[in-house]
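K.L.:
Everything below, folded, please.
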Amino acid sequence: MANERKTEIITRNHFSGFLDSIYIEEQRSDNPKIDKLLKTASKKGGGKGYPEFIISYKTNPDLLIVIECKADITKHESKDRDKYADFSVDGALLYASYLSKGFDVLAIAVSGETKQSLKISHFLHLRDEKKATPIFGDMFLSAEDYLNGYLKSPEKFRQDYNSLLDFTKQLNDKLHTYKILESQRSLLISSILIALENPAFKRSYASHKKPENLAASLIQTVSDELENANITGKKLENLNTQFSFIKTDTSLSKKENVLKEIIDEIDENINAFIKTHKYFDVLGQLYIEFLRYANSDKGLGIVLTPPHITEFFADLAQVNKNSIAYDNCTGTGGFLISAMKKMISDAKGDEEKIKEIKAMQLIGTEYQSHIFALAVSNMYIHQDGKTNIINGSCFDEEVIEEVKAKKPTVGFLNPPYKSNKKTDTDELEFILNNLECLVDGGTCVAIVPMQSALATSGKVLELKKKLLGKHTLQAVLSMPDELFFNSKVGVVSCVMVFTAHKPHPNHKETYFGYYKDDGFVKRKNKGRIDAYGKWQEIKEKWLTNFENRKNEAGFSVNQIVTADMEWAAETYMETDYSNLKDENFEDTILNYVTFLHSNKLLDKTQNYGNE
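P.N.:
As a prediction, this is how the structure comes out:
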């Protein structure tokens, strides 16, 4: 006869090895909050729930582990997961659904009477979420591995990122109240994050009696930290100038406790996020968020690439631990940070290689001084790479030679988009500049307005000819229409992938992808986010089709093109009629009628039909 006690003994013995970091409770909890949440969680309905084990962490009270055991492995999981009393998965998920009203919950279902026959399933149910998500594998892990896996999971990242966006809005409102300029807000945050890296400042900042003394200490600490990181001379002078407003700003240097409270909040909300989710362009996202609430954002800076796309670029270029990455329009450093993340992952814990990556293999050029300060800050916060950020024009011969000497193998860029067609530098000129700096056979990935790909005459045609005359166009990917929604820019964009210094062969087929749906949706006060967790699966398909050059109706096509042809999937791919539904026609007609009505053309159209 099956004996559930055996299953419980195996489970208890495993987790008893980690009592230095966890508390184990059985059936009930001494925590009144947990006890209250389980009051109506009976597996048979109408009463209290009694899980086999409830595990909490000594250092992370936000996470609970709830475990349900069954002796018989055939009673591991029912088809619809609704037989709560009879199946371990069903019961664990039921308890998690109740406990998730107050905690993040890792639900573990265990079945079997021996270690050899044990069947284990894991599910993560985050606080206030509607459902749980499978996580980990089919084996027990250490308490530390469970905690780290939870903290670094895509689900936890989405939750933390949404919390970060909520905090950013509150912080922005506060900085607006204190009349700190939109263009200076990210600089203030970055200076605080740099200073908090200094243990002495972190310990002592709250003890300053006068706000002007705290402001002076903050600026001096930032300068010292940057100098210790081998940033000297004109570069350091420029950075000190960018941060100097903190000492003269009335609110920050005169009003009691204002700067101290801001530092407290940044340490608790932003610094904690950075320490958990490494190699994410936090400053870039803050910059975007601050500008979303500004009235004059287009005059303040640049259009920043969303972080899921910067990571996609690193995948497209197949970045590895030996890559040397260059961004000639660095912005806040988002592409370089995503490249760093992928390089470090590929280094697999080799500390010497990781040091080399950070010190030697990340190169950037940024023209605008205040954005340059953000890029350097960003690289500093991610522990190096900052000494290879150049403040200047990527078109200067000295800059080109300096970059070439470092032999970059991959190039990334999101160039400034033209506001004045006659005087502004064309986006394709920035691509040519990036390609010039790469080694032979290097890969350049750029995101530019779709009009650059569609142009078949004028200056852009000449630039397209120049590109194909010197380099190979491997792919053009049509991006989602509202990709830059968070930057309040309506440009429709595409991604171009080139191989450097290999003239485009006449009979070469270029891959065109219709990558219009990345799964992101718009949410009030959060902008465009991956609310349903679809991006990871979508990215895998995008990469698979690109790497294998797959032809797929309605999605991708391979086509021989020349400079005077349109470089866009929409021009060449077949329509996938199998996906057409009645709603598609209804939506199109409704959109057309709405357009006519909003532009006061309805009467004219009716009259035309009666003539």
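
K.L.:
Lys502 in helix, strand or coil?
P.N.:
Classification of Lys502 using DSSP: H, G, I helix; E, B strand; the rest coil returns coil.

K.L.:
Check it and give its pLDDT.
P.N.:
For Lys502, the model assigns a pLDDT of 97.

K.L.:
That one: what's its closest spatial neighbour, skipping adjacent residues?
P.N.:
Nearest non-adjacent residue to Lys502, counting by C-beta to C-beta, 6 or more residues apart in numbering: Thr472, 4.7 Å away. Bear in mind the C-beta positions are built from the backbone N, C-alpha and C, glycine included.

K.L.:
Next, that neighbour: phi, psi?
P.N.:
The phi and psi values for Thr472, taken as degrees, to the nearest 10, are phi -100, psi 130.

K.L.:
Can you list the neighbours in contact with the longest helix seen in the chain?
P.N.:
Longest helix of the chain, by residue count under DSSP state H: helix 154-177. Contacts with helix 154-177, where a contact means C-beta atoms under 8 Å, 6 or more residues apart in numbering, come from 104, 124, 126-127, 129, 133, 135, 150, 185, 188-189, 262, 265-266, 269-270, 273, 276-277, 282, 285-286, 289-290, 293, 525-527, 529-530, 533, 536.

K.L.:
Looking at the residues you listed, which are in strands?
P.N.:
104, 124, 133, 527, 529 (DSSP state E).

K.L.:
now, which of these sits nearest Lys234?
P.N.:
Nearest to Lys234 among the ones in strands among the contacts of helix 154-177 is Gly527, at 36.6 Å by C-beta to C-beta.

K.L.:
burial measure for the closest one, as a count.
P.N.:
19 (other C-beta atoms under 10 Å).

K.L.:
mind checking pLDDT for the closest residue to it other than its chain neighbours?
P.N.:
Spatially, and ignoring its direct neighbours in sequence, Gly527 is nearest to Asn486 (3.9 Å; C-beta to C-beta, 6+ apart). On pLDDT, Asn486 comes in at 73.

K.L.:
what number of residues lie near Asn486?
P.N.:
22.

K.L.:
Repeat that for the one 3 residues further on.
P.N.:
Summarising burial for Val489: neighbours were counted as other C-beta under 10 Å, giving 17.

K.L.:
Do I have it right that the residue nearest to Lys502 meets Glu509?
P.N.:
No. Using C-beta atoms under 8 Å, Thr472 and Glu509 do not qualify as a contacting pair, with a distance of 11.1 Å.

K.L.:
out of those two, which sits in the more crowded spot?
P.N.:
Counted by other C-beta under 10 Å, Thr472 and Glu509 do not tie: Thr472 has more neighbours, with 18 against 14.

K.L.:
residue contacts, that one?
P.N.:
498-499, 502-505, 508.

K.L.:
again, only this time at 6 Å
P.N.:
499, 502, 504 (C-beta atoms under 6 Å, 6 or more residues apart in numbering).

K.L.:
Just the closest of the residues you listed to Ser457, please.
P.N.:
Among those, and counting by C-beta to C-beta, the member closest to Ser457 is His504, at 19.4 Å.

K.L.:
can you give me phi and psi for the closest one?
P.N.:
Torsion angles, degrees, to the nearest 10, at His504: phi -70, psi 120.

K.L.:
Nearest residue to it in space, please, no chain neighbours.
P.N.:
Leu468 (4.0 Å).

K.L.:
and that neighbour, how many neighbours?
P.N.:
20.

K.L.:
Looks like it contacts Ala563 (just checking).
P.N.:
Yes. Judged on C-beta atoms under 6 Å, Leu468 makes contact with Ala563 at a distance of 5.3 Å.

K.L.:
who touches both of those two?
P.N.:
In contact with both Leu468 and Ala563: no residue, using C-beta under 6 Å, 6+ apart.

K.L.:
Tell me where the stretch 251-400 of the chain has helices.
P.N.:
For the stretch 251-400 of the chain, the helices defined by DSSP state H, counting those that start in this stretch cover 258-266, 272-276, 282-292, 307-316, 334-347, 351-360, 369-381, 397-404.

K.L.:
just the angle between the third one and helix 258-266, please?
P.N.:
Spelled out, it's helix 282-292. 120 degrees (axes from the mean of the first three to the mean of the last three C-alpha atoms, to 10 degrees).

K.L.:
for helix 282-292, packing partners?
P.N.:
Where contact means 3 or more C-beta pairs under 6 Å, 6 or more residues apart in numbering; DSSP states H and E, helix 282-292 is packed against helix 154-177, helix 182-195.

K.L.:
and the longest one, which residues are buried?
P.N.:
Of all the residues in helix 154-177, those buried under the rule 16 or more other C-beta atoms under 10 Å are 155-161, 164-165, 167-168, 171-172, 175.

K.L.:
do the same with stretch 536-545
P.N.:
Buried-residue list, stretch 536-545, by 16+ other C-beta under 10 Å: 538-539, 542, 545.

K.L.:
try stretch 395-410
P.N.:
So for stretch 395-410, counting by 16+ other C-beta under 10 Å, buried means 395, 399-400, 402-403, 408-410.

K.L.:
which one among these gets closest to Asn31?
P.N.:
Ranked by distance to Asn31 (C-beta to C-beta), the buried residues of stretch 395-410 are led by Val410 at 50.5 Å.

K.L.:
can you list the domains in the protein?
P.N.:
Recorded structural domains for the chain (assignment: automatic domain parsing) are 4-151, 446-459+472-578, 581-611.

K.L.:
Kindly present the ones you listed as JSON lines, with separate columns for distance to Ser345.
P.N.:
JSON lines is the format used below for the domains of the chain (distance: least, C-beta to C-beta, whole Å):
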{"stretch": "domain 4-151", "distance to Ser345": "15"}
{"stretch": "domain 446-459+472-578", "distance to Ser345": "15"}
{"stretch": "domain 581-611", "distance to Ser345": "41"}
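
K.L.:
weakest of the ones you listed by average pLDDT?
P.N.:
domain 581-611 - the lowest mean pLDDT of those, at a mean of 63.

K.L.:
on that earlier part again, buried by neighbour count, from the contacts of helix 154-177: which ones?
P.N.:
104, 124, 126, 129, 135, 150, 185, 188-189, 262, 265-266, 269-270, 273, 277, 282, 285-286, 289-290, 293, 526-527, 529-530.

K.L.:
got the contact list for Glu574?
P.N.:
Ala553.
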